[in-house]
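>>> Fold the following, please.
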Amino acid sequence: MKLFNHLLPLRLAVAVILVMHSVPGMFNGSVRAFGEGYLNQVGFAPFGVALAWAIKLSHVANAVCLVLGKYVKLSSVPTLLILIAGIVMIHFQEGWFVVGGGRNGMEFNFLLIVALLTVMFSKVPETENRY
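Numbers count the residues shown, from 1 in each chain. As a prediction, this is how the structure comes out:
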């Protein structure tokens with residue numbers, strides 16, 4: 001995948017979302033809180049904190065790959081699995097809506113999944129590969 005193509009705006013948008021979902025938590029203690037307070041409680045103990053860090057670091061790695069347009073498929077697979085697991089474990093029981101008609105629903109994860117799949121499986125026309 002070339003750096004500049006018709007998917008650049010989508011790649012950058014998803015990268016920004018992944019970074020903003022990950023980096024603040026790395027500095028405000030919420031990664032540890034998620035690992036201890038949720039992941040350990042649902043059966044990942046004693047690895048909840050390590051798993052929470054792996055999740056956040058994989059999001060950052062995926063964001064870097066999306067920005068650079070390199071290793072996008074490879075780096076998106078863990079993110080897709082995490083987003084799907086998030087729907088199954090957390091968001092499904094809250095319903096569809098993130099805000100408005102509900103709280104903490106699955107609509108945002110669904111949109112990110114579709115965006116990543118679009119980036120992963122779109123063909124770049126040869127005319128875009130020249131630049």
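>>> Check whether L57 sits in a helix, strand or coil.
Look at L57: counting by DSSP: H, G, I helix; E, B strand; the rest coil, its state is helix.
>>> same question, L10
Look at L10: counting by three-state DSSP, its state is helix.
>>> wait, it sits on M120?
No - applying C-beta atoms under 8 Å, one finds L10 not in contact with M120, separated by 11.1 Å. Yep, even glycine has a C-beta here, placed from its N, CA and C like the rest.
>>> Which positions in the helix or strand hosting L111 come out as buried?
Per DSSP states H and E: L111 is located in helix 107-121. Within helix 107-121, the residues that count as buried by 16 or more other C-beta atoms under 10 Å are 107-109, 112-113, 115-116, 119-120.
>>> quick one: which of those is nearest P78?
Closest to P78 out of those is L116 (10.7 Å), distances taken as C-beta to C-beta.
>>> G100 versus that closest one, what's the distance?
24 Å (C-beta to C-beta, to the nearest Å).
>>> how close does M20 sit to L74?
In terms of C-beta to C-beta, M20 sits 22 Å off from L74.
>>> need the contact list for the residue nearest in space to the middle of the chain.
Taking C-alpha atoms, centre = their mean, the centroid of the chain lies closest to T79, which sits 4.6 Å from it. Applying C-beta atoms under 8 Å, 6 or more residues apart in numbering to T79 gives the contacts 18, 58-59, 62, 112, 116.
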